[in-house]
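Student: how does the following fold in three dimensions:
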Amino acid sequence: QFHLVQSGGGLVQPGESLTLSCEASGYTLQRHNVGWFRQVPGKEREGVACIPNYGGTSYYHDSVKGRFTISRDKALKTVSLQMNDLKPEDTAVYYCAVPIRCNDDSMQADGLSSWGQGTQVTVFL
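Tutor: Residues are numbered from 1 along each chain as shown. Just a heads-up that it's a prediction; the model follows:
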């Protein structure tokens with residue numbers, strides 16, 4: 001079990017940017033696949049992006065490719081999601097999760113995944 005603490009998020013207009021961060025208290029995340037998910041009311045949680053352990057190719061949902069970037073910090077304690085050119089359809093509560101399954105074409109959390117507390121991202125016209 002990881003204690004994940006999220007930061008970032010907020011209220012922006014279309015085209016603006018936000019950065020979300022996820023830190024595992026007392027752990028480094030280098031050994032684990034880390035993912036960002038999002039959920040809107042009435043819909044299932046969907047995988048947005050994930051970064052595999054020890055390098056490899058990150059995965060991005062088609063809707064965010066070219067706009068979002070997932071990365072680790074040099075201390076390997078934080079995984080960030082840089083979100084550029086935000087759109088109203090990006091509005092959701094965003095969650096980070098560790099560990100997850102992360103391949104270059106898919107991502108999935110399971111019953112062993114720990115979750116952050118959730119962060120609201122609202123993109124309004």
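
Student: for W115, see how far away the residue positioned nearest the centre of the chain is.
Tutor: By CA atoms, centre = their mean, the chain has its centre lying nearest to W36, at 2.2 Å. From W36 across to W115, the span is 11 Å (CB to CB, to the nearest Å). All C-beta spots, glycine's among them, are computed from the backbone N, C-alpha and C.

Student: give me the common contacts of those two.
Tutor: The contact sets of W36 and W115 overlap at 95-97 (CB atoms under 8 Å, 6 or more residues apart in numbering).

Student: show me the strands in the chain, by range?
Tutor: 4-8, 10-12, 18-24, 34-39, 46-51, 59-60, 68-72, 78-83, 92-98, 101-103, 106-108, 114-115, 119-123 (DSSP state E).

Student: the second one: which residues count as buried?
Tutor: When burial is assessed from 16 or more other CB atoms under 10 Å, strand 10-12 yields the following buried residues: V12.

Student: centroid-wise, who is the farthest residue in the chain?
Tutor: Distance from the C-alpha centroid of the chain peaks at L125, with 23.3 Å (CA atoms, centre = their mean).

Student: pretty sure that residue sits against Q13.
Tutor: Yes. At 7.4 Å, L125 counts as touching Q13 under the criterion of CB atoms under 8 Å.

Student: mind putting the strands of the chain in TSV, mean pLDDT included?
Tutor: Converted to TSV, those look like this (pLDDT from 0 to 100):
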stretch	mean pLDDT
strand 4-8	96
strand 10-12	97
strand 18-24	96
strand 34-39	98
strand 46-51	98
strand 59-60	98
strand 68-72	96
strand 78-83	96
strand 92-98	97
strand 101-103	95
strand 106-108	96
strand 114-115	96
strand 119-123	98
